[in-house]
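Student: Whatever this is, show me its structure:
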Amino acid sequence: MTPSAQVSAVIELLLNIQNQRHAPADATANRFFRQRRYIGGGDRRYVSAQIWEILRHYRKLQWWLKRVGSPINPRMMVSTFLVLSGQSVKEVSKLFSGEKYAPLPLKQNEELYLLSLEGKSFFSKEMPNAVKFEVPDWLYPLLEEQYADSIETELTALLEPAHLDLRVNTLKGDDRSTIKEKLKLEGIISTEMQFSPWGLRVEGRQSITSTNLFKEGDIEIQDEGSQLIALMTGATSQMRVLDFCAGAGGKTMAMAMMMQNKGHIIASDVSEVRLGAAQRRLRRAGAFNVETHQFVEGAKWIKRRIKSFDRVLVDAPCSGTGTWRRNPDARLKFRQIDLAELIAKQADILRSAATMVKEGGRLIYATCSLLQQENQYQIEQFLENHPDFHLVPPDTAEGLLPKEFTQHPTFQLTPAQYKTDGFFCAVLERKVSKVELS
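Tutor: Predicted coordinates:
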């Protein structure tokens, strides 16, 4: 594709994302490229990279366009992005040539809008902080109250692109150092993670899913924070484990690996589609100690297993604020009513999951959220209503987790502090009933 054709594709894809606002941007982008097989790999990478950068600067682009009185549409957002990225209006005009596959030429008023932005950057001192950090106006005061003096550091890190994190699947036999060398042979350079004993971090955009190691199940794509959540369960080969909100099974697979394919795991989710994806991933990973069940209130499998699990993991549905580096479009859709609904849903899920934990067993609550309303406050409310549970440090096998994660019953990861996605985790234990002796 010519540079002009690439710009046309960026504009068209941005329009599709705006028109399908209820769908995740990555799903819209995947559909866009599937319908345009003629777009080669290099062009796809360019268009995707531009779109994701535009989504990271979305509110700022809108702010500048409003400031100069311009209409806000994909065409002006893309051209403004190019100008604020350092291109001159003259260079942008050449891309908007109107020739085959190129965007229509810039109109006189469009050129005037862009000329007034030439030489400026994405940021302005007059820009409200909520715009500067790309968060909803209603959410910024909550974050400011929570993070106080460190808010700029935290929210700046949340604007940066995320790393590509991998988990080595030891069920296949190879350890981390061996897989690192095998990746190198496939042209992929990785470094060992600081916290996860299974983790490798890859710089830049790499096509991991096309590697033999991925196809054979030797590696999985999984953020380091997510790997740490699995470790916090302390799951061992003698245990019965319930992954209550298993989704597509990322943490289920990690726990199966921890249990060396022994013991028993049930992966449950309300979505049959997600469980189908989990089953395919589990087969590829060689995890055979897992059965899957769709969660339906009152189902027989639930009634038969009340108070029977050593570990129950609740990876609760949440705002996903901790993953905004990967999903910058999500921050644009997050509403105050969404947070209220999520908090109520999380409380319901915790109550249901707690009934499955046996005496002396543990309930591990996790979110990929940065918000204390979904995290610390949620746990405080649960403990107030469930005096038979109490917070305890994890009992993960010695050496698997750094001390800073084993000495406390909760942790909050943020991109700024740990270079991971934002995750919260709390470990709770059901107390053993005292037996009265007559």
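Student: residues contacting Asp338?
Tutor: Contacts for Asp338 (Cβ atoms under 8 Å, 6 or more residues apart in numbering) come out as Ser319. For the C-beta atoms, the positions are set from N, CA and C on the backbone; glycine is no exception.
Student: all strands for the protein, in order.
Tutor: 164-168, 190-192, 199-202, 219-221, 240-243, 264-269, 290-294, 309-315, 357-367, 389-391, 410-413, 423-430 (DSSP state E).
Student: quick one: strands adjacent to the fifth one?
Tutor: This means strand 240-243. Using DSSP bridges, strand 240-243 pairs in its sheet with strand 264-269 (parallel), strand 309-315 (parallel).
Student: Which one, of those, ends up nearest to Ala230?
Tutor: Nearest of the strands paired with strand 240-243 to Ala230, taken as Cβ to Cβ: strand 309-315 at 7.9 Å.
Student: contacts for the closest one?
Tutor: Residues from elsewhere that reach strand 309-315 (Cβ under 8 Å, 6+ apart): 229-230, 233-235, 238-247, 251, 255, 349-350, 353-354, 356-358, 361-367.
Student: With stretch 399-417 instead?
Tutor: Residues outside stretch 399-417 that contact it (Cβ under 8 Å, 6+ apart): 150, 153-154, 156-158, 160, 162, 195, 197, 225, 228, 231-232, 322, 325, 370, 375-376, 379, 391-394, 396, 420-428.
Student: center of this protein, which residue is that?
Tutor: Centroid-nearest residue in the chain: Thr323, 3.6 Å away (criterion: Cα atoms, centre = their mean).
Student: who touches the residue nearest to Asp26 when sequence neighbours are not counted in this structure?
Tutor: Spatial nearest neighbour of Asp26, excluding adjacent residues (Cβ to Cβ, 6 or more residues apart in numbering): Asn327 at 7.3 Å. By Cβ under 8 Å, 6+ apart, the contact set of Asn327 is Pro24, Ala25, Asp26, Gly320.
Student: I figured Ala426 hits Leu391, correct?
Tutor: Yes: counting by Cβ atoms under 8 Å, Ala426 touches Leu391, with 6.5 Å between them.
Student: For these two, work out which one has more neighbours and name it.
Tutor: Ala426 (25 against 14; other Cβ atoms under 10 Å).
Student: Could you pull out the buried residues of the longest helix anywhere in the chain?
Tutor: Of all segments of type helix in the chain, defined using DSSP state H, the longest is helix 336-354. Judged by neighbour count using 16 or more other Cβ atoms under 10 Å, the buried positions of helix 336-354 are Leu339, Leu342, Ile343, Gln346, Ile349, Leu350, Ala353, Ala354.
Student: again, but for stretch 171-178
Tutor: If you call a residue buried by 16+ other Cβ under 10 Å, then stretch 171-178 has these buried ones: Leu171, Lys172, Asp174, Arg176.
Student: re the thing from before, closest one of the buried residues of helix 336-354 to Phe123?
Tutor: Nearest to Phe123 among the buried residues of helix 336-354: Leu339, at 27.1 Å, using Cβ to Cβ.
Student: In contact with that closest one, which residues?
Tutor: Ser319, Leu371, Gln373, Glu374.
Student: do Ile364 as well
Tutor: Ile229, Met232, Thr233, Arg311, Val312, Leu313, Val314, Cys425, Ala426, Val427, Leu428.
Student: can you count the residues close to Gly41?
Tutor: Residues near Gly41, counting by other Cβ under 10 Å: 9.
Student: I'd like to check which residues are in contact with the closest residue in space to Ile72 that isn't next to it in sequence.
Tutor: In this structure, Ile72 finds its nearest non-sequential neighbour in Leu65, 5.0 Å apart by Cβ to Cβ, 6+ apart. Leu65 makes contact with Pro71, Ile72, Met76, Met77, Thr80, Tyr113 under the criterion Cβ under 8 Å, 6+ apart.
Student: Show the buried residues in those residues.
Tutor: Buried members of the contacts of Leu65, scored by 16+ other Cβ under 10 Å, are Met76, Met77, Thr80, Tyr113.
Student: quick one: which two of these are the most distant?
Tutor: Longest span within those, Cβ to Cβ: Met77 and Tyr113, 11.5 Å.
Student: Ser207: neighbour count?
Tutor: 12.
Student: ok so, going back, got the strands of the chain as a markdown table, with mean pLDDT and distance to Ala278 columns?
Tutor: Shown next, in a markdown table, are those (pLDDT from 0 to 100; distance: least, Cβ to Cβ, whole Å):
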| stretch | mean pLDDT | distance to Ala278 |
| --- | --- | --- |
| strand 164-168 | 96 | 15 |
| strand 190-192 | 96 | 25 |
| strand 199-202 | 96 | 21 |
| strand 219-221 | 96 | 12 |
| strand 240-243 | 97 | 9 |
| strand 264-269 | 95 | 6 |
| strand 290-294 | 94 | 6 |
| strand 309-315 | 97 | 12 |
| strand 357-367 | 97 | 17 |
| strand 389-391 | 97 | 27 |
| strand 410-413 | 95 | 24 |
| strand 423-430 | 97 | 20 |
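Student: Let me have the ones you listed in a markdown table, extended by distance to Asn19.
Tutor: Shown next, in a markdown table, are these (distance: least, Cβ to Cβ, whole Å):
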| stretch | distance to Asn19 |
| --- | --- |
| strand 164-168 | 29 |
| strand 190-192 | 38 |
| strand 199-202 | 33 |
| strand 219-221 | 29 |
| strand 240-243 | 36 |
| strand 264-269 | 29 |
| strand 290-294 | 32 |
| strand 309-315 | 31 |
| strand 357-367 | 30 |
| strand 389-391 | 46 |
| strand 410-413 | 35 |
| strand 423-430 | 32 |
